[in-house]
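Asks: Generate a structure from the sequence data that follows.
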Amino acid sequence: MAQNFPSKPIRVISPGGGTNLVARLIAEGVSGPLGQQVVVDNRPTALTGPIVMQSPPDGHTLLLNGSSF
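Replies: Now for the predicted structure:
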């Protein structure tokens, strides 16, 4: 039987600055419709990728990263 998603709070890993602001706005907008809390975890840019890669592959940990041109 398929599980409902999300079955626990969603964690969004984000570097600081403008990306963190965007992550918090998105979290505020989607937590109600999803029926789960969305937590923004602000970390240094060098740590964001490894944190997400080491998390369980259940779709509850996401990375929001910006790019510059």
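
Asks: SS state for Thr19?
Replies: helix (DSSP: H, G, I helix; E, B strand; the rest coil).

Asks: okay, it: pLDDT?
Replies: In this model, Thr19 is scored at 90, pLDDT.

Asks: go on, Ala23?
Replies: Taking Ala23 on its own, its pLDDT is 93.

Asks: Can you verify my assumption that it contacts Val40?
Replies: Yes - counting by CB atoms under 8 Å, Val40 is a contact partner of Ala23 at 4.7 Å. C-betas here are computed from N, CA, C, even on glycine.

Asks: What's the mean pLDDT across stretch 38-47?
Replies: Stretch 38-47 shows a mean pLDDT of 93.

Asks: Show me what it is in contact with.
Replies: Outside stretch 38-47, the residues within contact range by CB atoms under 8 Å, 6 or more residues apart in numbering are 9-16, 20, 23-24, 26-28, 30-31, 51, 65.

Asks: between Ala23 and Val40, what contacts are shared?
Replies: Val12, Ser14.

Asks: More neighbours: the two, which one.
Replies: Counted by other CB atoms under 10 Å, Ala23 and Val40 do not tie: Ala23 has more neighbours, with 24 against 21.

Asks: need the contact list for the more buried one.
Replies: By CB under 8 Å, 6+ apart, the residues touching Ala23 are Val12, Ser14, Val40, Leu64.

Asks: What's opposite the residue positioned nearest the centre of the chain in the beta bridge?
Replies: By CA atoms, centre = their mean, the mean C-alpha position of the chain lies nearest to Val12, the distance being 1.4 Å. With DSSP bridges as the criterion, Val12 is bridged to Val40, Leu62.

Asks: right, and it touches Ile26 too?
Replies: Yes - look at Val12 against Ile26 with CB under 8 Å: they come within range, at 7.4 Å.

Asks: Good, wrapping up.
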